[in-house]
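> Sharing a model prediction with you, sequence too.
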Amino acid sequence: MSDAAPTVLVVDDDDTVRSFAALALARLGARVLEAPGGDVALELYRRHVGQIDLVLLDVNMPGRSGPEVLAELRQINPGVRYCFATGGGSVAVPPGEDFLRKPLSLADLQGVLRRLVGWP
């Protein structure tokens, strides 16, 4: 990771969760893109391929679930860095995957930035 601020794509259908994550990540120095669901996330990822350092991905969303979106992201970039976020629900986090439990906290998001992209 360079000294440049990381770019994080926050994907969550809950406006409150998405807005909090975006504001918290920006406070930590990250650039943030927001998507309310899988279709928009994939469009943004394609448009900014090579510029997005991390995808914070809700597990349970209408339409495509987080794991389904991840499968498509991996077709675009097999090395995509990501972290799931979940509050529970019908779609489980796949075993062995890195994830955050909702409600998210500033400390949780800072830990993910450190762990997955080395920031700050």
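Nice, thanks for sending it over.
> Tell me which residues touch the residue nearest to residue 62 when sequence neighbours are not counted, please.
Once flanking residues are discounted, residue 62 sits nearest to residue 13: 6.0 Å by Cβ to Cβ, 6 or more residues apart in numbering. From N, CA and C alone the C-beta is placed, and that goes for glycine too. With contact set as Cβ atoms under 8 Å, 6 or more residues apart in numbering, residue 13 has these partners: 36-37, 58, 61-62.
> Can you tell me the SS state at residue 13?
What DSSP: H, G, I helix; E, B strand; the rest coil gives for residue 13 is coil.
> Tell me how far it lies from residue 24.
Noted for residue 13: a distance of 18 Å to residue 24, by Cβ to Cβ, to the nearest Å.
> Then residue 39?
Counting by Cβ to Cβ, the gap from residue 39 to residue 24 is 24 Å.
> Check residue 77 too.
The gap separating residue 77 from residue 24 is 25 Å, by Cβ to Cβ.
> for the helix or strand where residue 42 lies, packing partners?
Residue 42 is located in helix 38-47, with elements delineated by DSSP states H and E. Helices and strands touching helix 38-47, as assessed by 3 or more Cβ pairs under 8 Å, 6 or more residues apart in numbering; DSSP states H and E, comprise strand 7-11, strand 31-35, strand 54-58, helix 66-76.
> From the contacts of residue 13, pick the one nearest residue 71.
Nearest to residue 71 out of those is residue 61 (Cβ to Cβ; 13.8 Å).
> and that closest one, how far is that from residue 86?
To residue 86, residue 61 is 11 Å away according to Cβ to Cβ.
> Settle it for me: which of these two has more neighbours?
Legend: neighbour count by other Cβ atoms under 10 Å for residue 61 and residue 86, higher for residue 61 (22 against 18).
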